[in-house]
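Engineer: Fold the stuff below for me.
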Amino acid sequence: MRRGGRRNDWKVADERYLIENAGRIPRREICQHLRRSSESVKQKAKALRMQGIPVSLRHYRPRLEPCPSCGCLSGHLGRDGICEPCRRREQLANIHAGIAELLPRLPLDERDTYEKTEAETESRRDPMPKAPNTEGLSYYERAKAEEAHALACEECLAGNLRREIKAAQKRKERISKKVNQ
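Structural biologist: Modelled structure (predicted):
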């Protein structure tokens, strides 16, 4: 403490605020709210950690944004502003609409064959990644792990949809060949 400075002891409410908000909001905002210096807040966090209370001042800024189409958090919004799974679903719907237009032009016996065989086939699907175990992690580490899991789920879903699109495109090609024969 500076010579001639006044002592500003930590109150229980200040400690509780620090414990509850450490890692959730930036350290600068905590300092402003508590009206304490950055060094004072760092030292108190260190003292609390020595007492066995898990306090981390690292703040994680999420990179995910909500998709306006589905509302899911996404890390890869395209030029059109929607996430990749939404774009893939739209593409798949367009292909199925094309197949629906071609089906009435098929001969009746081939249409029955198509409905019995090809319409029921499904493309292989990768399982979704398991949720990370966030027990005992600090808020920063938990937020980072959850964001990585969300990105992995989005990528897995997009991969599954890519396979479905490829299979639907092949079905559409086979039907259009039979229609044009």
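
Engineer: show me the contacts for Cys72.
Structural biologist: 66, 83, 85, 154 (Cβ atoms under 8 Å, 6 or more residues apart in numbering). Glycine gets a C-beta too; all of them are placed from N, C-alpha and C.

Engineer: Torsion angles phi and psi at it?
Structural biologist: phi -80, psi 150 (degrees, to the nearest 10).

Engineer: how far away is it from Lys130?
Structural biologist: 18 Å (Cβ to Cβ, to the nearest Å).

Engineer: Repeat that for Pro68.
Structural biologist: 28 Å.

Engineer: Centre of the chain to the longest helix seen in the chain, how far?
Structural biologist: Using DSSP state H to define each element, the chain has its longest helix at helix 139-180. Its chain's average C-alpha position is 14 Å from that of helix 139-180, according to Cα atoms, centre = their mean, to the nearest Å.

Engineer: Equivalent analysis for stretch 62-72, please.
Structural biologist: Distance, stretch centre to chain centre, for stretch 62-72: 8 Å (Cα atoms, centre = their mean).

Engineer: Any buried residues in it, and which?
Structural biologist: By 16 or more other Cβ atoms under 10 Å, the buried positions in stretch 62-72 come out as 64, 67, 69.

Engineer: pretty sure the last one is touching Cys83, no?
Structural biologist: This means Ser69. Yes - with contact defined as Cβ atoms under 8 Å, Ser69 reaches Cys83; the gap is 7.2 Å.

Engineer: can you pull the pLDDT of Gln181?
Structural biologist: If you check Gln181, the pLDDT there is 69.

Engineer: Could you do Arg49 as well?
Structural biologist: So Arg49 comes in at 87 (pLDDT).

Engineer: Which strands or helices does the helix or strand hosting it pack on?
Structural biologist: Per DSSP states H and E, Arg49 falls inside helix 38-50. Counting by 3 or more Cβ pairs under 8 Å, 6 or more residues apart in numbering; DSSP states H and E, the packing neighbours recorded for helix 38-50 are helix 12-21, helix 27-34.

Engineer: quick one: contacts of that helix?
Structural biologist: For helix 38-50, the surrounding residues in contact (Cβ under 8 Å, 6+ apart) are 8, 10, 15, 18-19, 22, 27-28, 30-31, 34, 36, 55-57.

Engineer: And for stretch 87-103?
Structural biologist: 78, 80, 111, 114, 158, 161-162, 164-165, 168-169, 171-172, 175-176, 179.

Engineer: For Leu77, see how far away the residue nearest the centre of the chain is.
Structural biologist: For the chain, the residue sitting closest to the mean C-alpha position, by Cα atoms, centre = their mean, is Ala150 at 2.9 Å. Ala150 sits 13 Å away from Leu77, going by Cβ to Cβ.

Engineer: and what of Ala148?
Structural biologist: 18 Å.

Engineer: Fine by me, thanks again.
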